[in-house]
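A.B. asks: Predicted model and sequence below, questions to follow.
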Amino acid sequence: MMKAILRTRAEEEEVDKLTSSPITSKDLSFRLVKVVTFLVIFVSGMVLGLAATAHVTRYFTSSHHELFFSPIHVAQVSHEEDCLSITKYKKEEDCLNLKSFINPGHLTHSMTDDELLWRASLVPKKEVYPYKRVPKVAFMFLTRGPLPLSPLWDRFFQGHENLFSVYVHALPGYELNVSRSSAFYGRQIPSQDVQWGSVTLSDGERRLLANALLDFSNERFVLLSESCIPVYDFLTVYKYLINSAYSFVDSYDDPSRYGRGRYSRKMLPDIKLFQWRKGSQWFELNRTLAVNIVADDKYYSLFRKYCKPSCYPDEHYLPTFLNMFYGSMNANRSVTWVDWSRGGPHPATFGKEDITEGFIQSIKNNGTTCSYNSEQTLVCYLFARKFAPSALEPLLNLTSTVLRF
Ligand SMILES: *[C@@H]1O[C@H](CO)[C@@H](O)[C@H](O)[C@H]1NC(C)=O
Ligand SMILES: *[C@@H]1O[C@H](CO)[C@@H](O)[C@H](O)[C@H]1NC(C)=O
Ligand SMILES: *[C@@H]1O[C@H](CO)[C@@H](O)[C@H](O)[C@H]1NC(C)=O
Ligand SMILES: *[C@@H]1O[C@H](CO)[C@@H](O)[C@H](O)[C@H]1NC(C)=O
Ligand SMILES: *[C@@H]1O[C@H](CO)[C@@H](O)[C@H](O)[C@H]1NC(C)=O
């Protein structure tokens, strides 16, 4: 690229000289040949330079840098189109390189849900990876729009860039406005409308899981919302999840009309009443379970058809499906704390005046123990909800003390 530009300058000077000096016909043809030669070299230099830059941009920089180089961004798109079209395929472009397969740099894609879920369900048969795989935790945010607590999450993520990935499912058309240095920058996935209480909410959860599965380094998958906060530092959370033999999905048998009462006999013979479970939607899954969930059509389609208000698929599908097939892999509890003690259909929301060191400490550890692998631990919850935007400032104020990040 530099060479091409330097040559351009030299060539311009040559052209200037050509127009200002007396000309003989021999001179003219000689100079014409020279000019043509320079032009050919210049144009091929440009083409090579552009191709090389597009290549470099595609493979070695993250999507964060694209906006700095908008003309190259255009070149990059056409390069990708070339790669996908067999007729234009050029061997030297290495379209089938491993890097973009194991971790697609772009989160944008034009796959339909069917195509996406199919692709996400692919599992390598070989047990050994042909690269150094550092397992990551995928933090998946299901939100309508803004993420007012993102500055707290950014503080939490800071310094651990190789150990996590962030995915955001917002309503279609919503564009998250965060700074370029934020962990949320450029992390929105292609989304669809989500209606709380309907099956579209579970569709959104599966869409998040599927997009996160495309990165082969993601090992654990946490569902979060805009009102969730982390209550421990990143490494504590990371180790807790990565080293857990179980996934954390709330799953219990509720004999009341809010539990078994929502079961439909139309799900017979595939789902029986005794298999029916309920639980909070805020799940944490390991990769094996995540794959099995995006791969399931049979049971999910029964929920789509027969679990309608007052049955809510987001409260029943995962707990029931895991209970039926993967019960022994589930801790049957959620790692996301929530306060239902005030009663009513919605849990308590905490704002500015609620945030104290003592309150956060009681979420982290209130003396109750939980089982973790084969032991008992005082650490039961890694995340908590629901927190109002006004809680951000006092929470940031606690990062150096009780939150420790
Ligand atoms: C995005 O956020 C910045 C900083 O908070 C603000 O100045 C800007 O107006 C916002 N842009 C949009 C489109 O909301
Ligand atoms: C969770 O519940 C299942 C039944 O669905 C049970 O088999 C499993 O042992 C439970 N997990 C733990 C850790 O107790
Ligand atoms: C996920 O957990 C199950 C059991 O809890 C385990 O058998 C499986 O190996 C785990 N998957 C991965 C990819 O670690
Ligand atoms: C601690 O928290 C758990 C779960 O939120 C709750 O069930 C229990 O009652 C609490 N214990 C105390 C002593 O507050
Ligand atoms: C931040 O914490 C200090 C003490 O640690 C307290 O004096 C101050 O009022 C707090 N500020 C906010 C906004 O909560």
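C.D. replies: That came in fine, so what should we check first? Ligands and ions are numbered 1, 2, ... in the order given.
A.B. asks: Name whatever forms a beta bridge with the residue nearest the centre of the chain.
C.D. replies: Closest residue to the average C-alpha location of the chain: Tyr167 at 2.6 Å, with Cα atoms, centre = their mean. On the basis of DSSP bridges, Tyr167 is bridged to Met140.
A.B. asks: How about the contacts made by it?
C.D. replies: Listed by Cβ atoms under 8 Å, 6 or more residues apart in numbering, the contact partners of Tyr167 are Leu107, Ala138, Phe139, Met140, Phe141, Arg187, Ile189, Leu208, Asn211, Ala212. From N, CA and C alone the C-beta is placed, and that goes for glycine too.
A.B. asks: So Leu176: helix, strand or coil?
C.D. replies: coil (DSSP: H, G, I helix; E, B strand; the rest coil).
A.B. asks: can you check Glu353 too?
C.D. replies: Applying three-state DSSP: Glu353 is helix.
A.B. asks: Check the burial of it by counting its neighbours.
C.D. replies: 9 (other Cβ atoms under 10 Å).
A.B. asks: if I look at the residue of the chain found nearest ligand 2, how far off is Cys307?
C.D. replies: Nearest to ligand 2, among the residues of the chain, is Gly327, at 2.9 Å (Cβ to the nearest ligand atom). As judged by Cβ to Cβ, to the nearest Å, Gly327 and Cys307 stand 20 Å apart.
A.B. asks: more crowded one of these two?
C.D. replies: Using other Cβ under 10 Å, the more surrounded residue of Gly327 and Cys307 is Cys307, with 26 against 12.
A.B. asks: and the residue nearest to the more buried one when sequence neighbours are not counted, how far is that from ligand 3?
C.D. replies: In space, and not counting its chain neighbours, Cys307 is closest to Pro313: 4.8 Å by Cβ to Cβ, 6 or more residues apart in numbering. Pro313 sits 23 Å away from ligand 3, going by Cβ to the nearest ligand atom, to the nearest Å.
A.B. asks: For the residue nearest to the residue of the chain closest to ligand 2 when sequence neighbours are not counted, list the residues it contacts.
C.D. replies: Excluding its sequence neighbours, the residue lying closest to Gly327 (Cβ to Cβ, 6+ apart) is Ser251, at 7.8 Å. By Cβ under 8 Å, 6+ apart, the contact set of Ser251 is Arg277, Lys278, Gly279, Leu318, Pro319, Thr320, Leu322, Asn323, Gly327, Asn330, Asn332.
A.B. asks: what residues are up against the residue nearest to Trp276 when sequence neighbours are not counted?
C.D. replies: Among residues not flanking Trp276 along the chain, Tyr263 sits closest, at 4.5 Å (Cβ to Cβ, 6+ apart). Tyr263 makes contact with Ile271, Leu273, Trp276, Cys311 under the criterion Cβ under 8 Å, 6+ apart.
A.B. asks: doesn't Arg260 make contact with the second one?
C.D. replies: This points to Leu273. Yes - counting by Cβ atoms under 8 Å, Arg260 is a contact partner of Leu273 at 6.3 Å.
A.B. asks: Compare neighbour counts for those two and give me the winner.
C.D. replies: Set Leu273 next to Arg260 and count neighbours by other Cβ under 10 Å: Arg260 wins out with 15 against 12.
A.B. asks: ok, the residue nearest to Ser264 when sequence neighbours are not counted to Gly173 distance?
C.D. replies: Nearest residue to Ser264 in three dimensions, chain neighbours excluded: Tyr306, at 4.3 Å (Cβ to Cβ, 6+ apart). With distances taken as Cβ to Cβ, Tyr306 is found 31 Å from Gly173.
A.B. asks: what sits against Thr377?
C.D. replies: Thr369, Cys370, Ser371.
A.B. asks: tell me the domain boundaries of this structure?
C.D. replies: The chain breaks down by automatic domain parsing into domains covering 2-93, 120-397.
A.B. asks: And those domains, which one averages the lowest pLDDT?
C.D. replies: If you rank the domains of the chain by mean pLDDT, domain 2-93 sits at the bottom with a mean of 43.
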